[in-house]
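A.B. asks: What would the 3D arrangement of this be:
(3 chains)
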Amino acid sequence: MKVSALSLQNKISPEDFAPLGSDHFRDEKLETEEIGYWKASWRRLKKNRIAMFALIVILILLVFAFIGPVLSPYTYDQQVRGDEGLWPCMAHPFGTDRLGRDILVRCMIGTRISMAVGIVSAVIVMIVGSIYGAISGLAGGKVDIFMMRLVDIIYSVPEILLIVVIKMIISEPLQNLIDNTPSLKGLQRIGPGLIAIFVVYGLLYWVGMARIVRGQILQLKNMEYVTAAQALGCSKGRLIREHLLPNCIGQLIATVMLQIPSAIFTEAFLSYLGIGVSAPMASLGSLASEALNGITSYPYRVIFPAVLISLIILSFNLFGDGLRDALDPKMKKA
Amino acid sequence: MKRWNKTLSAALVLGMALSSVPASVMAEEAEKLDITVAGGSEDAMDVNTATTSTLEGLSAARHLFEGLYKIGESGEPELGQAASAEISEDGLTWTFTLRDDITWSDGQPVTAQDFIFGFDNLVEQADDYSSILTGVASGWEAPDDATIVITLANPCGFLPSVLAFPSTYPARKDYVEQYGDAYAADPENAVYNGAFVMTEWEHQSEMVMTAREDYYDADKLEVGTLRWMLTSDASSALAAFESGDIIYSDLCPDEEKPRMMDNGLTFAPGNMNYCVMFNQGPDGNDVLKDVNVRKALSLAIDRERIIAIRDLNDELGFTYMCSGFTNADGTDFTEYADPWYDVNDYEGNCEKAKELLAEAGYANGEGFPSLRYIVNNNDRKEVAESIVNDWKEVLGIDTVTVETDDNFFADRSAGTYDIAYYGWYMDYTDLSNMFSSINTMDTNNAFYSSEAYHAAYAAATATPDQAEQWEHYKECEAILAEDAPVAVVLHAMSSYLFDDVNYKDLVYSCGNYIFTYVKAV
Amino acid sequence: MQTIRYIVKRIGLAVISLFAIVTITFFLMNLLPGDPFMSEKATAENRAILVAKYGLDQPVYIQYGRYLKNLLKGDMGTSYVLQKGRPVATIIFESFATSMQLGVRALVLAIVLGVSLGSIAGLRKDKPSDGVIRVLSSIGISMPGYVIASALMIVLAVNLKVLPVTYNKPGGWIMPMITLAMYPTCYLIRLTRASILEVMNQDYLTTERAKGMSEFIVVFVHALKNSLIPVITYLGPLTASILTGGFVAETVFNVPGLGRYFVSSISSRDYTVIMGVTVFYSSLIVMMNLLCDILYKIVDPRITLE
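C.D. replies: Numbers count the residues shown, from 1 in each chain, chains lettered A, B, ... in the order given. Below you'll find the model as predicted:
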């Protein structure tokens, strides 16, 4: 076939249709190893110095809260006779309260309670909120409208009223349950007040999470791969489990991380109102707010727990920020 | 003209200040005192005499209204709106003649009918003190505008105290009927017959009272403006006192009191008892229905330590009645009655407590159920924690938790608790008031009832003879010691902050505070 | 036109929500043990008289019906305990006015300081000023309100005696304002900074710079405006919560505001006040959310309502 020199047509020959050799793509292969989502996130996180520092502080606080009390010569409810109302000294680095209890060990236990409040509440919020949000987002239509309206309503009922009422309602059955179930005996020390806070969290604070998850789901729902999965006959449950949740897990975890400080804050505020852990158990919030009574005479009793609260909240905030950036590469580093 | 006067006087004052007149002359020329006090929280500030029941509300009402008697400068009841009181020979009929120079703040004279209406209205309103008068009086009438006759069922030596109590003060029928529940809830909703008139009430913040010029004793009083800061936050009240914003506060956190002892903290007889109450009602834990358990819990309390920790001049509690009430021989009632336990042998008491608890089936505290101990503020929580620690160390009971309850009194009176703080502040200084508190189910939230106690109390109140009364009250104490519905921990002093460097003559009586007679030093 | 239809629909939904909130609150409140007339010295007999006098002995659903009927007539009843006999509407009006006076100041402070410091930090990323602002805001955001309030009071009022403790004295609003504004200010700083950083990297700004627009216009007209979107979303709930008052600031500094009043109404079982404040507060939140959504649309036309 004669080909004009001016022709713009592709010059194809039968050789172009021959099979390629097996090593043809070798040169195009990426030199870097293939890494998964989690590993990549971890690498991004490691580069964030502030977040890593916060993580170290959190780890130190965990050791302080969970191993510290074991090493202390005192227990949190031990009233040492003769050591009442001491300022910080060698025997009691944080001093003692008027009943002769060592404030250092009480702060350790308080940190444990406050962190437990934060983490347990955050987990409850994540579970309830993401399930609710996912269902609402997936179902769409009238169900979605109804479920979101419910969220708005819960959002608008004054929370203090709800907390007080829920505490009143559940304390007594809870107490009976604890009394009659030997395996729950440990909960007695914490008291129904704190458990009520968990319940309140489970019932109330998931709404923010539900909104976020719903938003994510709505966004993801229209993605091609979801349509593809649906076209292939994927069931709704499996769609949520295998396609949607993994894709928004990053943002979920980051939001949960930021939920922890807010839960600790709420606990501290409730302690100020007198709702919270039952004595002699203590949380950082209850330690600080009870010590406010003697703030001028014994300032150290407020300062230590207050500084610890700030430290916990600060480190969780900073770590949460870092985690959000690391887990969600689409978002710009803040 | 008025303005000219003001300018003139301002110029005069300025001129005097410049020419450095001696301070004493200045004081005479000065305006009347303008003082601010922390006098309670908003919800406690009910000044309707028929319904108010808190110390703060009662104290405020004492400034705005006045009864047949009033608390005088000495702190004792003396004649107020009445010019004279005649007592019949059998002591059952009291005839009062009103002063002729008393008026309401709108200028109308105070009449005997106003008092009769006040008495009737008190009963009608069915609030906390509705039976304070019917408890002693069987009837009242006004034969004319200036005479009031009160008839009693039994002779009553403390009637002046009752009639000096704000609940028995007069009220103007037209205002009460016009405003109903809102009577005295705003300055213009009432007229006043006391030394002050309410001129402003910024709710939740401040109530302002101004001295009345037409009050019969107005010339003798120095306070011109009395401002009540309304707060329930003890730390804020203390801060306001320390910063000089207020000159008086009955609120002060216990933990700061030792520090304030040289800075204005003043102690007064407490006339109260500070107890731990054991709920024997249907909603309380059954374990507390066992008298041995209650006694064991009571004996194990290390009261000396609590008193040392509080550091507030408390007296040890070993009788229900507090000290300060003596008979003709000068013996104090607390000495006269038998102590509930051996006060000098705490170790021995602990041993006894252990035995009692073992007898009840909880040797070393094993198997003891969880109990909820409620208190109403952080200061009381501290004491409760000390007590719970004693129970743990002495008796091995580690299942009691302490909670501050936001609706403490409601929960306690409804009986939805196991153990609670309990303290009775006497309303007037007569033994009967203290012993009545545990006699009726309404104030005795332990749901404790004893026929023997009712009988002994009835016998004591029926006789006018003090020796006989005391014998019956001693019997009451013995019954309480045996039944232990409460564990008396201590008898606290009342204490308040008062700027005694610049002011004097504050009257403090049974928890009521009266600023009417306050003067600058 | 579409906007109007949307607003009408939203208002309709809001009314339904409010009705649900009133119902839930009413029945929840009646689950609380006790009644408004329980006090240390109240006798059972007297309490029964008072409960009957106010019709609280009737079945809850009848009380509920009566409350709804009165509410529709605009009558929220009178207080049983806290300001006995005074109309709830008056009480809310008075205490909201106070909370609002304080809240507006705190809000202005928070927005001005928060947005400006946040922008400075964002625009001068990684410079010393950014560092200082970030550290301070991180500390401010991590302190419980009552610690801030108490510290302010001890230092400024008791030790230095420069400010009065109570709200009704001249200058008394300064400390509660700071307490109230602390958290939102620090939060806004962080939010604005993050938002600015995100916007500054957007392609359209590069385009504008390429087109030769001055950096000043790029930053102050285009970047800032767009970075305010998340800030505005946060402002809705913030305004509602700040205007209704902070319980801590109001308690510590004795501010006669709504936040403190609501908490004491719950503990004293002042039913009419609990209901009144709930109705008021919920309406405020619902309204704020609506306003926010509309404002959102004005700032960012890409967002479609619905």
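A.B. asks: In which helix or strand does the residue of the stretch 151-300 of chain C found nearest chain A reside?
C.D. replies: Using CB to the nearest CB, the point where the stretch 151-300 of chain C gets nearest to chain A is C:Ala194, with a distance of 3.6 Å. (Glycine included, C-beta is placed from N, CA and C.) Following DSSP states H and E, one finds C:Ala194 within helix C:174-200.
A.B. asks: now do B:Leu297
C.D. replies: Taking DSSP H and E as the definition, B:Leu297 sits inside helix B:291-299.
A.B. asks: List the contacts of C:Leu31.
C.D. replies: A:165, A:168-169 (CB atoms under 8 Å, 6 or more residues apart in numbering or on different chains).
A.B. asks: coming back round to it: with chain A in mind, check whether whichever helix or strand comes after the helix holding B:Leu297 reaches it.
C.D. replies: Next in sequence after helix B:291-299, counting helices and strands by DSSP H and E, comes helix B:303-310. Yes. Helix B:303-310 lies within reach of chain A by CB under 8 Å from any CB of the partner chain, at B:305, B:308-309.
A.B. asks: Please check those residues and keep the buried ones.
C.D. replies: Among these, those scoring as buried are B:305, B:309 (criterion: 16 or more other CB atoms under 10 Å in any protein chain shown).
A.B. asks: mind putting the residues of helix B:303-310 next to chain A in TSV, distance to C:Ser116 and pLDDT included?
C.D. replies: As requested, the residues of helix B:303-310 next to chain A are arranged in TSV below (distance: CB to CB, whole Å; pLDDT from 0 to 100):
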residue	distance to C:Ser116	pLDDT
B:Arg305	56	92
B:Ala308	55	91
B:Ile309	51	90
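A.B. asks: so which residue of the stretch 201-350 of chain B comes closest to chain C?
C.D. replies: Scanning the stretch 201-350 of chain B for proximity to chain C using CB to the nearest CB identifies B:Gln204 as nearest, at 3.5 Å.
A.B. asks: State the mean pLDDT of the helix or strand where B:Leu497 lies.
C.D. replies: Taking DSSP H and E as the definition, one finds B:Leu497 inside strand B:494-498. For strand B:494-498, the per-residue pLDDT values average out at 92.
A.B. asks: Which single residue of chain A ends up nearest chain B?
C.D. replies: With CB to the nearest CB as the measure, A:Gly294 is the residue of chain A nearest to chain B, at 3.2 Å.
A.B. asks: got a list of what the residue of the stretch 201-350 of chain B closest to chain C touches?
C.D. replies: With contacts taken as CB under 8 Å, 6+ apart, B:Gln204 has the following neighbours: B:42, B:230, C:95, C:254, C:256-257, C:260-261.
A.B. asks: Could you tell me which residues of chain A lie near chain C?
C.D. replies: Taking CB under 8 Å from any CB as the measure of proximity, chain A contacts chain C at A:149, A:152-153, A:155-158, A:160-162, A:164-165, A:168-169, A:261, A:265, A:268-269, A:272-273, A:285, A:288-289, A:292, A:295-296, A:302, A:306, A:309-314, A:317-318, A:331-334.
A.B. asks: Can you name the residues of chain B sitting close to chain A?
C.D. replies: Along chain B, the residues adjacent to chain A under the rule CB under 8 Å from any CB are B:234-235, B:238, B:253-256, B:258-259, B:305, B:308-309, B:369-370, B:372, B:378-379, B:381-382, B:384-386, B:388-389, B:392, B:399, B:401-406, B:416.
A.B. asks: Show the buried residues in these.
C.D. replies: Burial by neighbour count, judged by 16+ other CB under 10 Å, picks out B:234-235, B:238, B:253-256, B:258, B:305, B:309, B:370, B:372, B:378-379, B:381-382, B:384-386, B:388-389, B:392, B:399, B:401-406, B:416 from the residues of chain B next to chain A.
A.B. asks: And what about the spatially most central residue of chain C, helix, strand or coil?
C.D. replies: The central residue of chain C, meaning the one whose C-alpha is nearest the mean C-alpha position (CA atoms, centre = their mean), is C:Ser241 at 1.1 Å. For C:Ser241, the secondary structure call by DSSP: H, G, I helix; E, B strand; the rest coil comes out as helix.
A.B. asks: related to what we said a few turns ago, what about the residue of chain A closest to chain B, neighbour count?
C.D. replies: Other residues near A:Gly294 come to 25 when the count uses other CB atoms under 10 Å in any protein chain shown.
A.B. asks: Run through the stretch 151-300 of chain A and note the low-pLDDT ranges.
C.D. replies: Within the stretch 151-300 of chain A, the stretches falling below the threshold (pLDDT under 70) are A:182-193.
A.B. asks: can you map out the helices along the stretch 151-300 of chain C?
C.D. replies: C:174-200, C:203-210, C:215-217, C:224-243, C:247-252, C:258-267, C:271-299 (DSSP state H, counting those that start in this stretch).
A.B. asks: With just CA atoms, put stretch B:297-314 into CSV.
C.D. replies: Once side chains and other backbone atoms are set aside, the C-alpha atoms of stretch B:297-314 remain, and they are given as CSV (Å, rounded to 0.1, in the frame of the first residue of the first chain):
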residue,chain,number,x,y,z
LEU,B,297,-22.3,2.5,112.7
SER,B,298,-22.8,5.2,115.2
LEU,B,299,-20.2,3.9,117.7
ALA,B,300,-17.5,3.5,115.0
ILE,B,301,-17.5,7.2,114.0
ASP,B,302,-14.3,8.9,115.2
ARG,B,303,-15.9,12.2,116.1
GLU,B,304,-12.8,13.7,117.6
ARG,B,305,-11.0,13.4,114.3
ILE,B,306,-13.9,15.0,112.3
ILE,B,307,-13.9,17.9,114.8
ALA,B,308,-10.1,18.3,114.4
ILE,B,309,-10.4,18.2,110.6
ARG,B,310,-13.2,20.8,110.5
ASP,B,311,-11.3,23.0,113.0
LEU,B,312,-14.5,25.1,113.6
ASN,B,313,-14.8,25.0,117.4
ASP,B,314,-17.4,22.2,117.2
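A.B. asks: and the closest residue to B:Leu55 other than its chain neighbours, backbone torsions?
C.D. replies: The shortest distance from B:Leu55 to any residue other than its chain neighbours is 4.5 Å, reached at B:Gly511 (CB to CB, 6 or more residues apart in numbering or on different chains). With angles defined as degrees, to the nearest 10, B:Gly511 shows backbone torsions of phi 80, psi -10.
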